[in-house]
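Enquirer: dropping a prediction and its sequence here:
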Amino acid sequence: MEQTPRSPAGAPVRYLASSAEDAVATADDTVEKLMDEGWEPGQIALLTTGDRHPEQRTQIEHEGYDGYWDGFFSATDVFYGHVLGFKGLERPVVVLAVNGFGAAERARQALYVGLSRARSLLVVVGDGGEIWDAGGPVVWERISGSR
């Protein structure tokens, strides 16, 4: 059975070209710009596809997993996570830092999870070739707006 979307179209995806090595730093800068636009920190999740964000590692180290997840559910600050730990979760704004993929066979799944967690605005930061390789031409077209 084919699904038919009934909601109005959302905001277009924002794509920022970046190398995998610079994706996290560019995503950090993007989070700051989003807050300057008026988004509240608790509305934003920064997700990575490769190595975990340094802030995520720091929070887990200092607060443990319970404290880390309490931060997610309190929605008072930017949430830093990895796509494969964010299945089934959402935030109004997701900044997806495509900073590599741990295993090539999981790249498509990781990309899908990251692309499908934003309720209002999705920002994708990464290398277009890597995104194309993981998601194919249709995914790349939707992210980049190219036709």
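Expert: That came through fine.
Enquirer: only C-alpha atoms for contact and neighbour calcs from this point on.
Expert: Will do.
Enquirer: so what's the gap between stretch 30-48 and the chain middle?
Expert: Computed by CA atoms, centre = their mean, to the nearest Å, the chain-centroid distance of stretch 30-48 equals 11 Å.
Enquirer: just the endpoints, please. Distance across that stretch?
Expert: Distance between the two ends of stretch 30-48: 14 Å, counting by CA to CA, to the nearest Å.
Enquirer: please apply the same query to stretch 44-61.
Expert: 21 Å.
Enquirer: tell me where the chain has helices.
Expert: 23-36, 54-74, 107-115, 128-144 (DSSP state H).
Enquirer: most tightly surrounded among the ones you listed?
Expert: Mean neighbours per residue, mean count of other CA atoms under 10 Å, is largest over these for helix 107-115, with a mean of 21.
Enquirer: partner residues bridging the most centrally placed residue in the chain?
Expert: Closest residue to the average C-alpha location of the chain: residue 96 at 2.3 Å, with CA atoms, centre = their mean. Taking DSSP bridges as the rule, residue 96 bridges to residue 47, residue 124.
Enquirer: so what's the predicted local confidence for it?
Expert: With respect to pLDDT, residue 96 has a value of 98.
Enquirer: repeat that for the one 3 residues further on.
Expert: Reported pLDDT at residue 99 in the predicted model: 97.
Enquirer: quick one: it from residue 75, how far?
Expert: Distance of residue 99 to residue 75, computed by CA to CA: 24 Å.
Enquirer: more crowded one of these two?
Expert: residue 99 (24 against 16; other CA atoms under 10 Å).
Enquirer: who's in contact with the more buried one?
Expert: Listed by CA atoms under 8 Å, 6 or more residues apart in numbering, the contact partners of residue 99 are 19-24, 48-51, 126.
Enquirer: chain center to stretch 92-110: distance?
Expert: 8 Å.
Enquirer: ignore what I typed, I meant stretch 90-109.
Expert: 6 Å.
Enquirer: swap in stretch 121-137?
Expert: Worked out by CA atoms, centre = their mean, stretch 121-137 lies 11 Å from the chain centre.
Enquirer: what of stretch 133-144?
Expert: That offset, for stretch 133-144, works out to 15 Å (CA atoms, centre = their mean).
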